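[1] Below is the sequence, then the predicted model.
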Amino acid sequence: MTDMETSAPLLGEPLPVELMNTVWADREGVHDALDSPDGARAWLRAVAARTGFMAGSDADVPSAGEFEEPARRLVGLRDALRRLAAEVTGDTRPTDAHASGAGGLGTAVAELNDVASTVPSWSALAWTAGKTPERRTRTGGTPAAAAVSALAEEAIALFGGEDRLRIRACLAPGCVLYFLKDHTRREWCSTSCGNRARAARHYRRHRGTAE
């Protein structure tokens, strides 16, 4: 895996949901895309354009050895968000170790708030004569730490607003992902999960008829 690749699925969901989905599953079991500083760095680089941080040159990005603390905070934030999503959705799937590791609801909320407050960031206007003005993001910390705090801030906006009521747990067989319901007929995180769920229903229906 290179610095620019992540094993996590990126489905175009809001960033807090994408972060929750760094825990994913296939036929071989459940996987964690953030199981190392390298994995955390790869995921943050993959979503850099959406956070406003870590989108510069490789020289601006800390090495894996310097990434241990941002990686730890990113994992803690991810686990807290999965705990909050399970609370919102009444998730009927077995609670995975990542969500249970976040503790109770109060512990997950405290973790989210703590990460959001770790590194301040603010907007700055860049405008050179003859060029189009641009909004840029500035931070008092490293780009990696700022990206994690910015993710927490976005998660607070998600769970603190009405959109939290659109968060869904994908109930396709074997799936552990979440998604934001953006259409009244949407039931699954992806087309492949929908196909798998329909195939499972078809199998159960025909097996019942045969019996």
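    Ah, there it is.

[2] quick one: contacts of the helix or strand Leu125 falls within?
    Per DSSP states H and E: Leu125 is located in strand 121-126. With contact meaning C-beta atoms under 8 Å, 6 or more residues apart in numbering, strand 121-126 is reached by 52-53, 133-140, 146, 149-150. The C-beta positions use only the backbone N, C-alpha and C, and glycine is treated the same way.

[3] For ChimeraX, write a command that selects the buried ones of those residues.
    In ChimeraX, this line selects whichever of the contacts of strand 121-126 come out buried by 16 or more other C-beta atoms under 10 Å:
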select :52,53,137,139,146,149,150
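
[4] In the contacts of strand 121-126, find the pair that's most separated.
    Pro133 and Ser149 (25.5 Å; C-beta to C-beta).

[5] And the pLDDT at Arg207?
    Arg207 is assigned a predicted lDDT (pLDDT) of 60.

[6] Also Arg201?
    For Arg201, the model assigns a pLDDT of 67.

[7] next structured bit after the helix or strand of the chain with the lowest mean pLDDT?
    None of the helices or strands of the chain scores lower by mean pLDDT, DSSP states H and E than helix 97-100, at a mean of 62. Per DSSP H and E, the first helix or strand lying C-terminal to helix 97-100 is helix 105-116.

[8] May I have that next one as PDB, with CA atoms only?
    Extracted as PDB, the C-alpha positions of helix 105-116 are listed here (Å, rounded to 0.1, in the frame of the first residue of the first chain):
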ATOM      1  CA  LEU A 105     -22.600   7.000  25.100                       C
ATOM      2  CA  GLY A 106     -21.200   9.600  27.500                       C
ATOM      3  CA  THR A 107     -17.600   8.300  26.900                       C
ATOM      4  CA  ALA A 108     -18.100   8.500  23.100                       C
ATOM      5  CA  VAL A 109     -19.500  12.000  23.300                       C
ATOM      6  CA  ALA A 110     -16.600  13.100  25.500                       C
ATOM      7  CA  GLU A 111     -14.100  11.600  23.100                       C
ATOM      8  CA  LEU A 112     -15.700  13.400  20.100                       C
ATOM      9  CA  ASN A 113     -15.700  16.800  21.900                       C
ATOM     10  CA  ASP A 114     -12.100  16.300  23.100                       C
ATOM     11  CA  VAL A 115     -10.800  15.600  19.600                       C
ATOM     12  CA  ALA A 116     -12.700  18.500  18.100                       C
END
